[in-house]
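Trainee: I would like to see how this sequence folds:
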Amino acid sequence: MAKQERAVRTRNALIESAAQLFDQEGFEVVTLAAISARAGVSNGALHFHFASKAALADAVGRAAAQRLERITGVGEGSGGGGAPHTAGSAGPPRGGGTDSPGGGSLQVLVDASHALLHGLSHDVVLRAGFALTGGADSVTGGDHLHRHWHEYVIDILGRADRESVLAKDVSARDAASTIVAAIVGFETLGARDERWLSRNTLTRFWTLLLPRLAASAVLAGLDASGRSPAGNSGAPGSPGAHGTPAPPNDPTGRPYRGTPGNGP
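Mentor: Purely as a prediction, here's the structure:
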């Protein structure tokens with residue numbers, strides 16, 4: 001058992017180290033020797049777990065996909081309740097349910113987008129996985145993280161339409177294209193300027209979009225700054241859609257990148 005636990009720790013250390021180096025330097029220039037040195041393991045141990053750098057990159061992509069699934073709540077069913085978990089947060093994932101007071105699935109989508117940008121800001125595995133599977137540095141043969149996010153947004157807006165929380169003249173599919181393009185744009189720009197991943201930037205985006213997107217009956221109940229994972233939108237420092245948000249903390253206590261007023 002101790003040997004198995006050690007093997008799992010070694011594998012995870014290699015994935016984390018690879019993600020850090022891929023994120024900092026790019027896949028092409030990083031060497032396996034550099035990855036093993038950063039992880040504090042021998043080259044032999046690295047090759048025991050991964051036959052090649054491409055195999056290691058694929059493992060980073062799969063680990064990132066698991067983090068994204070926690071954010072979007074995949075596997076909990078369509079009625080599974082609550083705000084999405086932030087990447088890296090403790091506890092079981094919570095599904096993209098519709099228990100948000102007033103805003104239904106539309107609020108769930110706002111919360112998920114904040115969780116995603118928070119994850120891209122703080123979780124190097126998630127950030128590297130997006131770059132490796134869909135960006136200019138793509139090496140794992142697919143765009144599955146971006147496609148997963150796109151399909152999630154289409155699904156959650158479809159639910160919002162059925163809940164009658166979308167404005168009557170809004171097409172769920174057209175809205176999904178706009179939101180996905182914006183979030184992917186923030187991800188791409190955030191690789192060079194972290195302010196694009198700030199809570200303030202995303203709150204301003206939703207503050208601009210929600211009056212056009214949401215039915216008038218639910219607009220006042222929507223929180224553009226996102227609810228906490230516990231859905232505690234009424235807590236101090238968590239104002240409504242047109243307030244100035246206080247930056248939340250990630251599970252390690254570090255502030256969300258960017259503070260109100262310093263977005264791009």
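Trainee: please export the C-alpha coordinates of stretch 182-192 as PDB.
Mentor: The C-alpha trace of stretch 182-192 is given here as PDB (Å, rounded to 0.1, in the frame of the first residue of the first chain):
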ATOM      1  CA  ALA A 182     -15.800  36.100 -24.300                       C
ATOM      2  CA  ILE A 183     -14.600  33.600 -21.700                       C
ATOM      3  CA  VAL A 184     -12.200  32.000 -24.100                       C
ATOM      4  CA  GLY A 185     -11.000  35.500 -25.000                       C
ATOM      5  CA  PHE A 186     -10.400  36.300 -21.300                       C
ATOM      6  CA  GLU A 187      -8.500  33.000 -21.000                       C
ATOM      7  CA  THR A 188      -6.200  33.800 -24.000                       C
ATOM      8  CA  LEU A 189      -5.600  37.400 -22.900                       C
ATOM      9  CA  GLY A 190      -5.100  36.300 -19.300                       C
ATOM     10  CA  ALA A 191      -2.000  34.300 -20.300                       C
ATOM     11  CA  ARG A 192      -0.300  37.600 -21.000                       C
END
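Trainee: now the helices for the stretch 1-150 of the chain?
Mentor: In the stretch 1-150 of the chain, the helices defined using DSSP state H, counting those that start in this stretch lie at 2-25, 32-39, 43-49, 53-72, 104-122, 124-134, 144-162.
Trainee: got these as a markdown table, with mean neighbour count columns?
Mentor: (Glycine included, C-beta is placed from N, CA and C.) Conversion of the helices of the stretch 1-150 of the chain to a markdown table gives the following (neighbours: other Cβ atoms under 10 Å):
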| stretch | mean neighbour count |
| --- | --- |
| helix 2-25 | 17 |
| helix 32-39 | 18 |
| helix 43-49 | 15 |
| helix 53-72 | 21 |
| helix 104-122 | 26 |
| helix 124-134 | 26 |
| helix 144-162 | 19 |
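Trainee: can you put those in JSON lines and add mean pLDDT and distance to Asn200?
Mentor: Output for those, formatted as JSON lines (pLDDT from 0 to 100; distance: least, Cβ to Cβ, whole Å):
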{"stretch": "helix 2-25", "mean pLDDT": "92", "distance to Asn200": "23"}
{"stretch": "helix 32-39", "mean pLDDT": "96", "distance to Asn200": "33"}
{"stretch": "helix 43-49", "mean pLDDT": "93", "distance to Asn200": "40"}
{"stretch": "helix 53-72", "mean pLDDT": "94", "distance to Asn200": "20"}
{"stretch": "helix 104-122", "mean pLDDT": "95", "distance to Asn200": "11"}
{"stretch": "helix 124-134", "mean pLDDT": "88", "distance to Asn200": "19"}
{"stretch": "helix 144-162", "mean pLDDT": "94", "distance to Asn200": "21"}
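Trainee: redo those helices as a markdown table? Include distance to Ala217.
Mentor: Listed next are the helices of the stretch 1-150 of the chain as a markdown table, based on distance: least, Cβ to Cβ, whole Å:
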| stretch | distance to Ala217 |
| --- | --- |
| helix 2-25 | 43 |
| helix 32-39 | 53 |
| helix 43-49 | 54 |
| helix 53-72 | 26 |
| helix 104-122 | 11 |
| helix 124-134 | 35 |
| helix 144-162 | 13 |
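Trainee: now for the ones you listed, which one comes closest to Ser225?
Mentor: Among these, the nearest to Ser225 by Cβ to Cβ is helix 104-122 (7.6 Å).
Trainee: which other helices and strands contact the closest one?
Mentor: For helix 104-122, the elements it packs on are helix 53-72, helix 124-134, helix 144-162, helix 172-190, helix 199-213, judged by 3 or more Cβ pairs under 8 Å, 6 or more residues apart in numbering; DSSP states H and E.
Trainee: quick check: Gly40 vs Val124, distance?
Mentor: As for Gly40, its distance to Val124 is 17 Å (criterion: Cβ to Cβ, to the nearest Å).
Trainee: meant to ask about Asp193
Mentor: Counting by Cβ to Cβ, the gap from Asp193 to Val124 is 17 Å.
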